[in-house]
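>>> Give me the fold of what follows.
(one chain, ligands or ions: 1)
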Amino acid sequence: MEQLRSGDWYVGGDRNAYIHRAWMRRGNPADALDGTKPQIAIANTASDLTPCNMHLNEVAEHVKNGIWEAGGVPYNLPVVSLGETQVRPTAMLWRNMAAMAMEEMFRANPIDGLVLLGGCDKTIPALLMAAASVDIPAVVVPGGPMLTGYFRGEALGCGTDVWRLSEEARAGSITNGQFQASEQSMIRGKGHCNTMGTASTMAVVAEALGMTIPGFAGTPAADARLGSLSHQTGRLIVEMVAADRKPSDIMTKESFLNAIIAVAAVGGSTNSVVHLLAIAGRLGIDLTLDDFDAAGAGVPVMANLQPSGEFLMDDLFRAGGVLALLSQIRELFHPEPITVTGRPLVEYLVDQAVFDETVIMPRESPLMEDAGIAVLRGNLAPRGAIVKPSAATPALLQHVGPAVVFDSVEDMRARIDDPGLDVTADSVLVLRGCGPRGYPGMPEVGNMPLPRKLLEQGVRDMVRISDARMSGTAYGTVILHVAPEAAAGGPLAFVRTGDMITVDVENRILSMDVSDEELQARTQTPASEAAYAAPVRGWEKLYVDHVMQADTGADLDFLVGSSGSKVSRESH
Ligand code: FES
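Okay, here's the model as predicted:
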């Protein structure tokens with residue numbers, strides 16, 4: 001075996017090697033730093049302020065045991081953590097910051113391999129972006145969903161039921177007191193959201209990319225098997241270092257296409273689009289929005305899970321799990337991409353039993369036929385916008401209606417319930433100023449609330465269009481990620497209330513009935529310049545100056561492409 005990467009720090013008789021070794025002995029066995037034992041960092045997003053990842057310190061102990069057992073040396077490496085429900089103005093503002101900080105620490109430290117502990121929405125994407133950039137052996141431990149909580153005998157889906165119950169309260173069908181009382185039951189225990197929201201989706205993505213032990217994704221945080229699989233992952237990373245099995249060997253163009261197919265089959269979050277594009281960008285893989293439309297086309301949604309369906313992640317696990325679900329469409333997957341074990345994903349998609357066909361629906365009678373993420377284009381979104389048909393109202397997927405435009409989230413919140421707002425169920429709600437640059441950070445506000453007066457009339461869905469994202473737990477006919485965004489001068493900046501909007505998902509069209517000449521004339525008088533005041537310092541400035549548009553993953557332009565693991569200079 002070639003000298004380990006960490007040997008560059010630890011092996012030799014010079015003063016620098018002495019310093020590196022001396023400070024790291026600290027109770028380690030005498031031969032821990034002799035240059036033959038893989039040094040493994042456990043990149044740990046545990047934080048008391050990231051409630052979905054609070055348990056990851058316990059998980060890290062299981063991983064450590066596996067690493068020691070296999071002959072490696074484990075290190076806990078706390079990395080930037082993002083609690084989706086806690087940080088303001090939006091966790092997405094810092095996904096790239098987290099990924100950049102992780103990347104730098106992965107490269108700077110004397111490590112040979114990485115175990116990536118994630119859970120809450122942005123944590124697995126940031127970890128994968130960083131690992132892809134440094135490209136040393138790495139494997140994901142998905143922290144797992146929480147068990148189902150119950151309120152008055154009914155199962156609650158985290159996130160999804162918050163949106164549903166809050167709309168019911170606004171519509172008056174439940175009292176505000178009942179809504180408030182459900183709060184104590186929403187979060188049952190450790191783990192991330194129990195719906196097929198972004199966290200669950202990104203665990204499935206990590207598995208379909210080949211970056212977890214196959215069969216790991218979807219294992220509940222409270223299940224004993226999470227500990228066993230974490231221990232096994234610790235053993236595996238040592239083997240991966242010996243085999244020099246790197247992210248770039250595992251995450252190929254075909255494995256990204258496999259991930260897109262898997263997201264379609266589980267009815268996964270629209271957020272997976274910007275994350276997959278960003279991870280691929282770090283590897284120099286040419287993944288485009290059109291790949292999502294093409295690879296996801298014809299894939300049935302077989303997971304009857306909220307927000308598209310009825311059940312929760314715990315039910316999916318009970319019914320056979322992610323591999324059982326994916327095994328039903330085995331022949332759709334590209335057979336070549338390997339997983340962290342060195343064996344192809346498709347090898348794991350045989351002999352997988354389904355134990356409950358109400359949760360993992362049969363391929364012949366799925367929850368929904370042909371429901372990948374659709375990419376729409378037209379004079380409202382020249383570089384694309386996306387919609388998740390499985391979460392939408394089928395009748396609204398072909399729709400023409402007048403725009404009701406909001407210049408910002410604040411504008412929308414101030415006017416949406418105004419009884420005087422000129423809006424009907426046929427109107428198209430348009431929200432701008434919420435893209436990567438405009439907000440900044442592209443928040444999850446695309447599933448804007450419906451006007452109260454329409455809710456009271458029984459309306460439960462409308463076409464909504466924005467340059468924002470949407471929570472993976474949300475639902476509705478919500479068209480997102482319009483590119484270019486309004487703040488980047490996209491046509492979305494120039495749509496006016498009353499313009500007729502055409503949504504034609506079957507033909508992939510999103511357009512406004514405004515001529516090229518009229519649109520050109522409108523560009524001379526930008527409507528909401530003041531809304532996009534540029535930040536003057538810190539991360540926000542760096543972000544706004546360099547963030548790319550949603551159609552290419554909203555990473556920073558200078559982080560695209562891998563930088564590898566080489567460090568050219570010593571520290572002393
Ligand atoms: Fe963390 Fe939903 S808030 S996964």
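
>>> which residue sits closest to the residue of the stretch 401-550 of the chain found nearest the ligand in space, ignoring its chain neighbours?
Here the stretch 401-550 of the chain gets closest to the ligand at one residue, residue 473, 6.8 Å apart by C-beta to the nearest ligand atom. In short, each C-beta sits where N, CA and C put it, glycine included. Nearest non-adjacent residue to residue 473, counting by C-beta to C-beta, 6 or more residues apart in numbering: residue 159, 2.7 Å away.

>>> In contact with that neighbour, which residues?
Shown in contact with residue 159 (C-beta atoms under 8 Å, 6 or more residues apart in numbering): 193, 195, 197, 307, 471, 472, 473, 474.

>>> which residues does the second one contact?
Spelled out, it's residue 195. Neighbouring residues of residue 195 by C-beta under 8 Å, 6+ apart: 157, 158, 159, 160, 305, 306, 307, 312, 313, 472, 473.

>>> okay, now the residue lying closest to residue 546 once chain neighbours are set aside: neighbour count?
Setting aside the residues directly before and after it, residue 546 is nearest to residue 556 in space (C-beta to C-beta, 6+ apart), at 4.3 Å. For residue 556, the tally of surrounding residues (other C-beta atoms under 10 Å) stands at 19.

>>> Tell me if I'm right that residue 556 and residue 539 touch.
No. Checked against C-beta atoms under 8 Å, the pair residue 556 and residue 539 is beyond contact range at 10.5 Å.

>>> still on that earlier bit, kindly indicate the member of the contacts of residue 195 with the most neighbours.
If you count neighbours using other C-beta under 10 Å, the busiest of these is residue 313, which has 34 neighbours.

>>> Model confidence score at that one, please.
Predicted confidence (pLDDT) for residue 313: 97.

>>> My guess is it contacts residue 306. True?
No. If you go by C-beta under 8 Å, residue 313 and residue 306 don't touch, sitting 9.2 Å apart.

>>> who touches both of the two?
Both residue 313 and residue 306 are contacted by 195, 196, under the criterion C-beta under 8 Å, 6+ apart.

>>> Contacts only, for residue 135.
246, 247, 248, 283, 562, 564, 565.

>>> The spatially closest residue to residue 311 that is not a sequence neighbour: how many residues sit nearby?
Leaving aside its chain neighbours, residue 311 sits nearest to residue 359 (4.9 Å; criterion: C-beta to C-beta, 6+ apart). Residues contacting residue 359 under the criterion other C-beta under 10 Å number 24.

>>> again, but for residue 121
Residue 121 is flanked by 32 other residues according to other C-beta under 10 Å.

>>> Surely it is in contact with residue 91?
Yes. The pair residue 121 / residue 91 is scored as a contact, 6.5 Å apart, by C-beta under 8 Å.

>>> Determine the residues that are contacts of both of the two.
Common contacts of residue 121 and residue 91 (C-beta under 8 Å, 6+ apart): 82, 84.

>>> Would you double-check that residue 567 falls in a strand?
No. Residue 567 is assigned coil when assessed by DSSP: H, G, I helix; E, B strand; the rest coil, not a strand.

>>> Helices of the stretch 451-572 of the chain, start to end?
With DSSP state H, counting those that start in this stretch applied, the stretch 451-572 of the chain shows helices at 452-456, 516-522, 538-546, listed in chain order.

>>> and what of the stretch 301-450 of the chain?
Listed in chain order, the helices found in the stretch 301-450 of the chain under DSSP H, counting those that start in this stretch are 313-318, 321-327, 409-415.

>>> returning to that earlier point: the residue nearest to residue 311 against residue 318, yeah?
Yes. Between residue 359 and residue 318 there is a contact under C-beta under 8 Å: 7.3 Å.

>>> what about dumping the CA coordinates of the lowest-mean-pLDDT helix or strand in the chain to CSV?
Ranked by mean pLDDT, DSSP states H and E, the weakest helix or strand in the chain is helix 160-171, scoring a mean of 88. C-alpha atoms of helix 160-171 as CSV (Å, rounded to 0.1, in the frame of the first residue of the first chain):
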residue,chain,number,x,y,z
THR,A,160,-46.5,18.7,6.2
ASP,A,161,-49.0,18.7,9.0
VAL,A,162,-47.8,22.0,10.2
TRP,A,163,-48.7,23.5,6.8
ARG,A,164,-52.0,21.6,6.8
LEU,A,165,-53.1,22.4,10.3
SER,A,166,-52.1,26.1,10.0
GLU,A,167,-54.2,26.4,6.9
GLU,A,168,-57.1,24.6,8.6
ALA,A,169,-56.8,27.1,11.5
ARG,A,170,-56.8,30.0,9.1
ALA,A,171,-59.8,28.6,7.3
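
>>> and the helix or strand that that helix is followed by, what does it pack onto?
Moving toward the C-terminus from helix 160-171, the next helix or strand (DSSP states H and E) is helix 176-181. Applying 3 or more C-beta pairs under 8 Å, 6 or more residues apart in numbering; DSSP states H and E, one finds that helix 176-181 makes contact with helix 160-171.

>>> Any idea how far the helix it packs on is from the middle of the chain?
Put simply, helix 160-171 sits 24 Å off its chain's centre (C-alpha atoms, centre = their mean, to the nearest Å).

>>> ditto for stretch 22-38
Distance, stretch centre to chain centre, for stretch 22-38: 37 Å (C-alpha atoms, centre = their mean).

>>> And for that stretch, what's in contact with it?
Here stretch 22-38 makes contact (C-beta under 8 Å, 6+ apart) with 3-4, 6-7, 10-11, 20-21, 39, 71-73, 110, 112-113, 237-238, 241-242.

>>> mind running it again at 6 Å?
The contact list for stretch 22-38 (C-beta atoms under 6 Å, 6 or more residues apart in numbering) reads 7, 10, 11, 21, 72, 73, 112, 113, 238, 241.

>>> So which of those residues belong to helices?
7, 10, 21, 238, 241 (DSSP state H).

>>> Counting neighbours, what do you get for the fourth one?
In other words, residue 238. Counted with other C-beta under 10 Å, residues neighbouring residue 238 total 24.

>>> what about it, distance to the ligand?
The gap separating residue 238 from the ligand is 30 Å, by C-beta to the nearest ligand atom, to the nearest Å.

>>> Hmm, that residue is touching residue 73, no?
No. Contact status for residue 238 versus residue 73: not in contact, 9.4 Å apart, counting by C-beta atoms under 6 Å.

>>> Alpha carbons of stretch 93-103, as PDB, please.
Extracted C-alpha coordinates of stretch 93-103, given in PDB (Å, rounded to 0.1, in the frame of the first residue of the first chain):
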ATOM      1  CA  LEU A  93     -27.800  31.000   2.800                       C
ATOM      2  CA  TRP A  94     -25.100  28.900   4.600                       C
ATOM      3  CA  ARG A  95     -25.200  25.600   2.700                       C
ATOM      4  CA  ASN A  96     -22.200  26.800   0.600                       C
ATOM      5  CA  MET A  97     -20.500  28.300   3.600                       C
ATOM      6  CA  ALA A  98     -20.800  25.000   5.500                       C
ATOM      7  CA  ALA A  99     -19.500  23.100   2.500                       C
ATOM      8  CA  MET A 100     -16.600  25.500   2.100                       C
ATOM      9  CA  ALA A 101     -15.600  25.300   5.800                       C
ATOM     10  CA  MET A 102     -15.900  21.500   5.800                       C
ATOM     11  CA  GLU A 103     -13.900  21.200   2.600                       C
END
